[in-house]
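Student: Sequence and predicted model, in that order:
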Amino acid sequence: MKNKEDFLNQVMKDMKESLPAKRYKHTLGVAYTAASMAMCHKEDMEDAFLAGLLHDSAKYFSDKKMIEACEQKGLPISDVERRNPYLLHGKVGASIAKEKYHIERDDILNAITYHTTGRPDMSLLEQIIFAADYIEPGRMRIEGLEAVRHLAFHDLEECIRTILQQTIEYLSTQEGKEIDETTLETYSYYMNIERRI
Ligand code: DGI
Ligand code: FE
Ligand code: FE
């Protein structure tokens with residue numbers, strides 16, 4: 001690959017070809033939103049764009065393929081993940097980023113791995129991808145989204161707290177949607193750091 005720009009163009013092209021049009025639009029939305037948030041919070045803009053482009057690359061693996069991919073790569077699967085294999089698309093996406101695109105930076109790989117559940121004490125890039133996934137312009141249906149979008153550029157930790165709160169609330173109203181341990185741990189971590197301030 002000649003340079004970084006060529007590399008990003010290649011990843012964009014691959015995502016366009018491999019994802020349904022609607023998901024590609026979301027992917028671009030996350031990449032550009034993450035890049036803008038990086039400008040605002042002084043994070044590396046190209047890393048944010050790249051992590052955004054790759055975060056959902058495994059979204060459309062069937063349950064069977066997702067489990068097989070994890071087993072083949074030696075990635076651990078929790079009980080909740082085994083019952084809800086779509087929760088693994090971040091982890092599998094990160095392994096694609098590593099194996100296919102030779103991305104080595106842990107920060108980018110972790111941002112992809114934890115984009116659905118978050119995790120306690122996320123790095124700035126991880127927080128950016130977690131929030132950008134929720135607020136990108138194509139996301140329309142969520143109540144209170146305008147306020148979360150504002151927070152993403154003004155108080156990132158409060159933004160993360162609100163997203164987790166809304167997600168947990170949403171999941172608890174949905175039948176059969178188990179809440180992942182990591183989602184709960186992330187929520188309690190970000191609630192506790194607020195109390196310490
Ligand atoms: O892949 P996207 O749709 O862009 O976004 P995502 O990776 O954040 O996945 C969103 C879905 O994941 C949404 O329906 C809420 C769900 N989710 C988030 N945390 C949990 C969860 N689902 C379960 N079962 N448990 C969780 O802890
Ligand atoms: Fe996702
Ligand atoms: Fe996404």
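Tutor: Noted; the coordinates are in hand. What you see is a predicted model; the values in this text were computed from it and never measured. Ligands and ions are numbered 1, 2, ... in the order given.
Student: Secondary structure element holding the residue nearest the centre of the chain?
Tutor: The chain has residue 115 as the residue nearest its centroid, 2.3 Å off, counting by Cα atoms, centre = their mean. Using DSSP states H and E, residue 115 sits in no helix or strand.
Student: can you pull the contacts of it?
Tutor: If you count contacts by Cβ atoms under 8 Å, 6 or more residues apart in numbering, residue 115 has them with 55, 90, 126, 129, 130, 133. The way it works is simple: take the backbone N, C-alpha and C, and place the C-beta from them, glycine included.
Student: at 10 Å instead, please
Tutor: Contact analysis of residue 115 by Cβ atoms under 10 Å, 6 or more residues apart in numbering lists 30, 51-52, 54-56, 89-90, 93-94, 126, 129-134.
Student: same check, this time on residue 124
Tutor: 37, 38, 41, 42, 43, 44, 48, 107, 111, 156.
Student: What's the per-residue pLDDT of the third one here?
Tutor: Looking back up the chat, that one is residue 41. We have a pLDDT of 98 for residue 41.
Student: Run through the neighbouring helices and strands of the strand or helix carrying residue 10.
Tutor: Secondary structure from DSSP H and E places residue 10 in helix 4-18. Helices and strands touching helix 4-18, as assessed by 3 or more Cβ pairs under 10 Å, 6 or more residues apart in numbering; DSSP states H and E, comprise helix 21-41, helix 45-54.
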